[in-house]
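Q: got a sequence here, can you build the structure:
(one chain, ligands or ions: 2)
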Amino acid sequence: MQAPLARVGVLGGTFDPIHHGHLAAASEVCAQLGLDQILLTPAYSQPFKQGYDTETPEHRLAMCALAADEDERFAVSPVDIERGGVTYTVDTLTDLREQRPDAELFFITGADAVARLDEWKDADRLTELATFVGVTRPGHSLADTTRPHILVEAPALAISSTDVRRRVRAGLPIRYLVPRSVADYIAVNGLYYGGLDD
Ligand SMILES: Nc1ncnc2c1ncn2[C@@H]1O[C@H](COP(=O)(O)OP(=O)(O)OP(=O)(O)O)[C@@H](O)[C@H]1O
Ligand SMILES: O=C(O)c1ccc[n+]([C@@H]2O[C@H](COP(=O)([O-])O)[C@@H](O)[C@H]2O)c1
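A: Ligands and ions are numbered 1, 2, ... in the order given. Prediction:
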């Protein structure tokens with residue numbers, strides 16, 4: 001008898017930096033959909049964020065790895081960073097399917113973003129490569145879309161990477177917004193004190 005496919009959630013993001021809003025949402029999807037693993041998959045360069053100044057892929061990947069270390073259900077995939085260029089999810093999912101033929105993939109994204117799926121590259125193929133999961137996010141309205149997806153209500157944590165970066169720059173605490181190891185990494189490496197978002 002064939003072994004059942006592993007159910008793997010893929011949370012793609014810029015993760016500049018990763019925060020507890022990401023982790024709580026991924027954890028909720030994992031529990032509600034009975035997933036075996038969550039892959040945090042930092043983008044090299046998000047298509048809708050071209051022209052934005054972000055931290056280096058190496059720093060964003062390292063912070064994801066620190067966050068993943070705290071939960072045995074989480075792992076990090078460098079697939080998008082290793083490919084480089086603009087990160088299209090169709091490439092992410094194609095590469096992950098090659099690497100993990102044993103897996104059924106669930107691509108997790110904020111529920112608001114599901115509305116813009118039509119604008120994503122090869123939108124029709126995307127929903128064949130993975131099941132799309134939209135997670136609720138405070139301050140973002142739910143999407144109206146014909147694209148098939150599962151909606152998961154996540155704990156309402158109104159945290160954004162933008163706000164974390166602003167707080168670091170303003171000298172305000174980010175403890176309890178990001179894992180402690182990530183806060184330490186930001187401090188030790190002097191991330192975000194300078195000009196991002198100016
Ligand atoms: N607090 C949150 N609750 C639920 N989903 C979230 C939350 N923050 C981010 N997400 C989702 O996680 C994915 C990755 O988000 P991303 O890395 O862009 O973080 P962000 O906080 O939105 O960043 P930024 O403020 O820089 O735009 C996206 O699909 C986004 O909608
Ligand atoms: O494939 C696309 O056309 C596409 C368009 C917009 C966003 N994405 C992906 O969606 C994920 C979430 O992006 P972000 O910036 O909201 O963290 C990330 O993995 C992006 O590469 C992908």
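Q: up against ligand 2, what does the protein have?
A: 12-14, 43, 46-49, 87-90, 109, 120-121 (Cβ under 6 Å from any ligand atom). Every C-beta, even on glycine, is put in place using the N, C-alpha and C of the backbone.
Q: neighbours of residue 145, how many?
A: Here the number of neighbours of residue 145 (other Cβ atoms under 10 Å) works out to 16.
Q: residue 12: neighbour count?
A: 22.
Q: in the helix or strand hosting residue 60, which residues are buried?
A: Assigned by DSSP states H and E, residue 60 belongs to helix 57-68. Residues of helix 57-68 classed as buried by neighbour count (16 or more other Cβ atoms under 10 Å): 57, 59-68.
Q: how about the residues you listed in a markdown table, adding pLDDT?
A: Shown next, in a markdown table, are those (pLDDT from 0 to 100):
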| residue | pLDDT |
| --- | --- |
| 57 | 97 |
| 59 | 98 |
| 60 | 98 |
| 61 | 98 |
| 62 | 98 |
| 63 | 98 |
| 64 | 98 |
| 65 | 98 |
| 66 | 98 |
| 67 | 98 |
| 68 | 98 |
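Q: just give me the closest of the residues you listed to ligand 1.
A: The closest of these to ligand 1 turns out to be residue 60 (Cβ to the nearest ligand atom; 8.7 Å).
Q: okay but the closest one is in contact with residue 19, surely?
A: No: Residue 60 is beyond contact range of residue 19, at 11.9 Å (criterion: Cβ atoms under 8 Å).
Q: give me the next element, helix or strand, following the lowest-mean-pLDDT helix or strand in the chain.
A: Ranked by mean pLDDT, DSSP states H and E, the weakest helix or strand in the chain is helix 111-114, scoring a mean of 82. Of the helices and strands lying after helix 111-114 in sequence (DSSP H and E), the nearest is helix 123-129.
Q: mind pulling up the pLDDT for residue 48?
A: pLDDT for residue 48: 89.
Q: and if you look at the one 3 residues further on?
A: pLDDT, the model's per-residue confidence, is 77 for residue 51.
Q: count the residues that sit near it.
A: Neighbours around residue 51, by other Cβ under 10 Å: 4.
Q: which strand or helix spans it?
A: Going by DSSP H and E, residue 51 is not in any helix or strand.
Q: and what of residue 133?
A: strand 131-135.
Q: enumerate the residues of the protein near ligand 1.
A: 13-16, 21-22, 25, 109-110, 113, 135, 137, 154, 157, 159-162.
Q: whichever of those end up buried, select them in PyMOL.
A: Only the buried entries of these go into this PyMOL selection, using 16+ other Cβ under 10 Å:
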select buried, resi 13+14+15+16+21+22+25+109+110+113+135+137+154+157+159+160+161
